[in-house]
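Peer 1: Just need the structure, nothing else, for what follows:
(2 chains)
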Amino acid sequence: MEKPVNNRAWFLVLPVLLLVAFSAILPLMTVVNYSVQDTFGGNQFFWAGLDWFEEVIHSDRIRAALGRQVLFSAIILAIEIPLGIFVALNMPKKGIWASFCLVLMALPLLIPWNVVGTIWQVFGRVDIGLLGYTLRKLGISYNYVNNAMDAWITVIVMDVWHWTSLVALLCYAGLQSIPDAYYQAAKIDQASRWKVFRYIELPKMQGVLLIAVLLRFMDSFMIYTEPFVVTGGGPGNATTFLSIDLVKMAVGQFDLGPAAAFSLIYFLVILLISFVFYTVMTRQKEGE
Amino acid sequence: MMAVVAETKGRGAALVMALYLLFLMLPIYWLLNMSLKTNTEILGAFSLWPKNPTLANYRTILTDPSWYMGYVNSLTYVVMNTVISITVALPAAYAFSRYRFIGDKHLFFWLLTNRMAPAAVFALPFFQLYSSIGLFDTHIAVALAHCLFNVPLAVWILEGFMSGVPREIDETAYIDGYSFPRFFVKIFMPLIASGIGVAAFFCFMFSWVELLLSRTLTSVNAKPIAATMTRTVSASGLDWGVLAAAGILTIIPGALVIWFVRNYIAKGFALGRV
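Peer 2: Residues are numbered from 1 along each chain as shown, chains lettered A, B, ... in the order given. All right, here's what the predicted structure looks like:
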């Protein structure tokens, strides 16, 4: 059934529009403002045109941060999506155990992000952390403070720990919507486990999986607090992702112009990739 | 035959879940373990459980206003944010789920883009904006700032749940002589109660876990607990026990909320779109 056209519906949207305009457009205009001006302190601003944008685009430091960011998000998606599906397939369907699993799995999602960082910072320490201590006792050299590879592994394992449950819970919700009759039909046809997954479960999970991919992509691309608490962006710049670099630039060095230009480019990159996901999502929904 | 197959699969599944939950719980257990030890014990002999469990770390936090006010501040702005977000999102979600109007699709996508905005981009402008209107270091400033990503999310979730309610219900109510506000509150809201619960849960969650904005927008009076943690640690050397206890205390509100919504979690995480 088609939705009726009614332009008075704008009145219902108005409160949201005003609120979000206040907290999104006003600050964004400030950023745009800074990105095209230069200042030598005080309140004196000079027109800088697109200089900052050129500087940012050609900056090796920002390119390196972007490279690390893309690599990080790719690894995160490559691990969390399959693992989340796998966990969801193994979850109990109903009963007390299902609630038990749900509650425990949701727990990491509700821990403040810097506490997540603190937990892993402590957990990985070789002197007082369970993980670091055990690895040392096993004779494996591991130190996330000095070794870039170890820092990366720690940050990735932390993110997998933190967010895989979100993917799993989304997929679980998708699986719950499959009627029993589908499985019975598959059983009668003697479909293999793989075929049940490929032709029944995966198509039913497609919608929620796209939400999962979208959310995980956006949030991993914007990650700041957790790696910052664990590694502070180090060793060196090894785990300096885009947000960490941006905050260093804006708050640490107070380079407002380049930081603003950087912000806008950063935002546009996320927007562009998310738009592709969103288009795919809605197209697929209409196709159903 | 079938039963045997199902049983072995069940055992394998149980093992997978047990390992996964162990992976999730170990780091949290380690924090709990540390919070029950004294600093000498933490830095001294390595042990898997506290030899002399002590609540001294918790006592330190719960008797010192500069510590426990952090919790009060966090909860205050989180609740304010949740109430604001749900209140403005309800009518908007209704409009999106029931009508077509000029620019509706663009507006919906624009709202979603705010969910994609990196907090790092907005930290400094927010600081200047709220300072200039005299709201710096107030709870309402943080609550409004968090609306940036919570309002779009709430609209998105509620729209999903509302689209699941047949439109005939609206039409019947109007024929019966209900006005729009009365219909909305008396009939429609009870129908999507679980959706409102889920949206509130997500608003609570994202506002509770966020630190970058809430730290930037506060200094003393509205400082969140998460920020209190980081500062005290750097000031007084590393008091591992108190740090761990503070961390455990930040997990508790989340755990309570999950417990209340546990029956809606599965549907809720699909944002009503299953």
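Peer 1: How much space separates the residue in chain A that chain B sits nearest to from B:Met205?
Peer 2: Taking Cβ to the nearest Cβ as the measure, the point where chain A comes nearest chain B is A:Leu110, at 2.8 Å. Just so you know, the C-beta spots here come from the backbone N, C-alpha and C atoms, and that holds for glycine as well. For A:Leu110, the distance to B:Met205 (Cβ to Cβ, to the nearest Å) stands at 6 Å.
Peer 1: In chain B, which residue is most central in space?
Peer 2: B:Met205 (0.6 Å; Cα atoms, centre = their mean).
Peer 1: The helix or strand encompassing that residue: how far from the chain's middle?
Peer 2: For B:Met205, the enclosing helix or strand under DSSP states H and E is helix B:193-209. Distance of helix B:193-209 from the chain centroid (Cα atoms, centre = their mean, to the nearest Å) equals 6 Å.
Peer 1: Please identify the buried residues of it?
Peer 2: Using 16 or more other Cβ atoms under 10 Å in any protein chain shown as the burial criterion, the residues of helix B:193-209 that qualify are B:195-209.
Peer 1: Now for the closest residue to B:Gly247 other than its chain neighbours, how many residues are close by?
Peer 2: Closest residue to B:Gly247 apart from its sequence neighbours, by Cβ to Cβ, 6 or more residues apart in numbering or on different chains: A:Val115 at 4.7 Å. A:Val115 has 29 neighbours, counted by other Cβ atoms under 10 Å in any protein chain shown.
Peer 1: Check the one 4 residues further on too.
Peer 2: Here the count is done by other Cβ under 10 Å, and A:Ile119 has 28 residues near it.
Peer 1: That one and B:Leu26 touch, don't they?
Peer 2: No. Counting by Cβ atoms under 8 Å, A:Ile119 does not reach B:Leu26; the two are 10.0 Å apart.
Peer 1: now stretch A:211-221, how far from the chain's geometric center?
Peer 2: With Cα atoms, centre = their mean, you get 4 Å for stretch A:211-221.
Peer 1: Mean pLDDT per helix and strand in chain A: which one sits at the bottom?
Peer 2: One helix or strand of chain A scores below all others by mean pLDDT, DSSP states H and E: strand A:45-47, with a mean of 70.
Peer 1: who are the neighbours of the next helix or strand after that one, in terms of helices and strands?
Peer 2: Using DSSP H and E, the helix or strand that follows strand A:45-47 in sequence is helix A:51-58. When contacts are defined as 3 or more Cβ pairs under 8 Å, 6 or more residues apart in numbering or on different chains; DSSP states H and E, helix A:51-58 packs onto helix A:256-287.
Peer 1: and the angle for the helix it packs on with helix A:51-58?
Peer 2: 70 degrees (axes from the mean of the first three to the mean of the last three Cα atoms, to 10 degrees).
Peer 1: what are the ranges of the helices in the stretch 151-288 of chain A?
Peer 2: Using DSSP state H, counting those that start in this stretch, the helices of the stretch 151-288 of chain A run over residues A:180-188, A:193-196, A:202-221, A:225-231, A:242-247, A:256-287.
Peer 1: What distance do you get for B:Asn33 to A:Pro108?
Peer 2: 17 Å.
Peer 1: When the two are compared, which one has more neighbours?
Peer 2: Legend: neighbour count by other Cβ under 10 Å for B:Asn33 and A:Pro108, higher for A:Pro108 (22 against 18).
Peer 1: which stretches of the stretch 101-250 of chain B have low pLDDT?
Peer 2: Scanning the stretch 101-250 of chain B with the threshold set as pLDDT under 70 gives B:230-237.
Peer 1: Determine which residue belonging to it approaches chain A most closely.
Peer 2: Nearest residue of the stretch 101-250 of chain B to chain A: B:Pro125, at 3.3 Å (Cβ to the nearest Cβ).
Peer 1: show me what contacts residue 213?
Peer 2: With no chain named, the answer covers chain A. By Cβ atoms under 8 Å, 6 or more residues apart in numbering or on different chains, the contact set of A:Val213 is A:Leu77, A:Ile81, A:Phe277.
Peer 1: not what I meant, chain B
Peer 2: The contact partners of B:Leu213, by Cβ under 8 Å, 6+ apart, come to B:Ala119, B:Phe122, B:Ala123, B:Phe126, B:Val142, B:Ala145, B:His146.
Peer 1: ok, now how distant is the third one from B:Asn81?
Peer 2: In this case it means B:Ala123. Distance of B:Ala123 to B:Asn81, given as Cβ to Cβ: 17 Å.
Peer 1: who's more crowded, those two?
Peer 2: More crowded of B:Ala123 and B:Asn81, by other Cβ under 10 Å: B:Asn81, with 27 against 23.
Peer 1: and that one, that's in a helix?
Peer 2: Yes. Remark: B:Asn81 belongs to a helix, assigned using DSSP: H, G, I helix; E, B strand; the rest coil.
Peer 1: Now do it against B:Val209, distance only.
Peer 2: Distance of B:Asn81 to B:Val209, given as Cβ to Cβ: 12 Å.
Peer 1: Repeat that for B:Ile102.
Peer 2: For B:Ile102, the distance to B:Val209 (Cβ to Cβ) stands at 37 Å.
Peer 1: can you check A:Trp47 too?
Peer 2: Taking Cβ to Cβ, one finds A:Trp47 at 40 Å from B:Val209.
Peer 1: got it, and A:Asn114?
Peer 2: 9 Å.
Peer 1: Contacts only, for the residue of the stretch 151-274 of chain B found nearest chain A.
Peer 2: Chain A sits closest to B:Gly254 of the stretch 151-274 of chain B, with a gap of 2.8 Å, by Cβ to the nearest Cβ. Applying Cβ under 8 Å, 6+ apart to B:Gly254 gives the contacts A:Leu107, A:Leu109, A:Leu110, A:Ile111, B:Met205, B:Trp208.
Peer 1: list the buried ones in the helix or strand harbouring it?
Peer 2: Assigned by DSSP H and E, B:Gly254 belongs to helix B:240-261. For helix B:240-261, a neighbour-count test (16+ other Cβ under 10 Å) marks B:240-251, B:253-254, B:257-258, B:261 as buried.
Peer 1: Same check on stretch A:124-138?
Peer 2: A:Gly124, A:Arg125, A:Val126, A:Ile128, A:Gly129, A:Leu130, A:Leu131, A:Gly132, A:Tyr133, A:Leu135.
Peer 1: Take those and write them to CSV, including distance to chain B, secondary structure and pLDDT.
Peer 2: CSV is the format used below for those (distance: Cβ to the nearest Cβ, whole Å; DSSP: H, G, I helix; E, B strand; the rest coil; pLDDT from 0 to 100):
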residue, distance to chain B, secondary structure, pLDDT
A:Gly124, 9, helix, 86
A:Arg125, 10, coil, 83
A:Val126, 11, coil, 80
A:Ile128, 6, coil, 80
A:Gly129, 7, coil, 83
A:Leu130, 5, helix, 85
A:Leu131, 8, helix, 87
A:Gly132, 11, helix, 84
A:Tyr133, 6, helix, 85
A:Leu135, 13, helix, 87
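Peer 1: Quickly check those for the two that are furthest apart.
Peer 2: Largest separation among the buried residues of stretch A:124-138 by Cβ to Cβ: A:Ile128 and A:Leu135, giving 13.3 Å.
Peer 1: Contacts only, for residue 57.
Peer 2: Since no chain was named, I'll use chain A. When contacts are counted by Cβ under 8 Å, 6+ apart, A:Ile57 touches A:Ile265.
Peer 1: The chain in question should be chain B.
Peer 2: B:Ser35, B:Leu36, B:Gly241, B:Val242, B:Ala244, B:Ala245.
Peer 1: Out of those, which two sit at the greatest distance?
Peer 2: With Cβ to Cβ as the measure, no two of those lie farther apart than B:Leu36 and B:Val242, at 11.9 Å.
Peer 1: ok, now how distant is the residue of the stretch 151-274 of chain B closest to chain A from B:Leu111?
Peer 2: B:Gly254 sits 26 Å away from B:Leu111, going by Cβ to Cβ.
Peer 1: where does B:Trp30 fall, phi/psi-wise?
Peer 2: phi -60, psi -40 (degrees, to the nearest 10).
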